[in-house]
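J.: one predicted model, sequence on top.
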Amino acid sequence: MKKVAVFILAALLAVLLVPWGAGEALALQETYIFEGSGWGHGVGMCQEGARGMAEAGFDYRQILTYYYQGTQVSGWDCPVSIRVGLIEGQSVLYFVADSGSFTFYTSGGDIPGAVMTPGGTWTVAADAQGRFFIVRPDGTCVNDTSYGSIYEPLYVRGSGDGDVLRLTQNGNHRVSHLTAYTPLELNLYGGA
């Protein structure tokens, strides 16, 4: 009896699962809209999309208004200086001029004898009061004195576009190459 019941059940399933002819084809939409944010936060412009638009001949205004609809691109005066924290919380920094020359200065003007040129590592160290000591590659302190303070930064200025200054934390490991288009402000922390 079990064999007959299994046979009837199998036959019934086979009949029910066989298609009874072709169904009516559905009309396809001509436009599809996909929305989502992918891997990012879903707000704003993606690098590849902006690049693709630029390669297709769109200018920056067209690209920005495409990604940020309803906005207007307008001119803006850049600030005199822009601050970027390259290395923080250090009391000693090491500099190597790879090309060009670099002058240390404060708001009072250039510091005599403090011009870095290729050929050695310069050291800038802060003491507990926040004053800066500039040490030449030969180990001598510039003018045997300190410069600046917590309230008066020490700056470094390149002699021309394309001058390259290497900034390191331990004298050997390169942290960053700096191209001296604008002055570099040094803010070190004393008492390390």
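T.: Great, that's in hand.

J.: could you give me the average pLDDT of stretch 162-173?
T.: For stretch 162-173, the per-residue pLDDT values average out at 67.

J.: note down every partner strand of the helix or strand where residue 165 lies and its orientation.
T.: Secondary structure here is read from DSSP states H and E; on that basis residue 165 sits in strand 164-168. Using DSSP bridges, the strands paired with strand 164-168 are strand 92-99 (antiparallel), strand 174-179 (antiparallel).

J.: between those strands, which has the poorest mean confidence score?
T.: The stretch with the lowest mean pLDDT among the strands paired with strand 164-168 is strand 174-179, which comes in at a mean of 44.

J.: tell me who's in contact with the residue lying closest to residue 71 once chain neighbours are set aside.
T.: Once flanking residues are discounted, residue 71 sits nearest to residue 65: 6.4 Å by C-beta to C-beta, 6 or more residues apart in numbering. Where C-beta positions appear, they are placed from N, C-alpha and C, glycine not excepted. Shown here is residue 65, whose contacts under the criterion C-beta atoms under 8 Å, 6 or more residues apart in numbering are 71-73.

J.: residue 65 falls within a strand, correct?
T.: No: using DSSP: H, G, I helix; E, B strand; the rest coil, the assignment for residue 65 is helix, not a strand.

J.: all set now, cheers.
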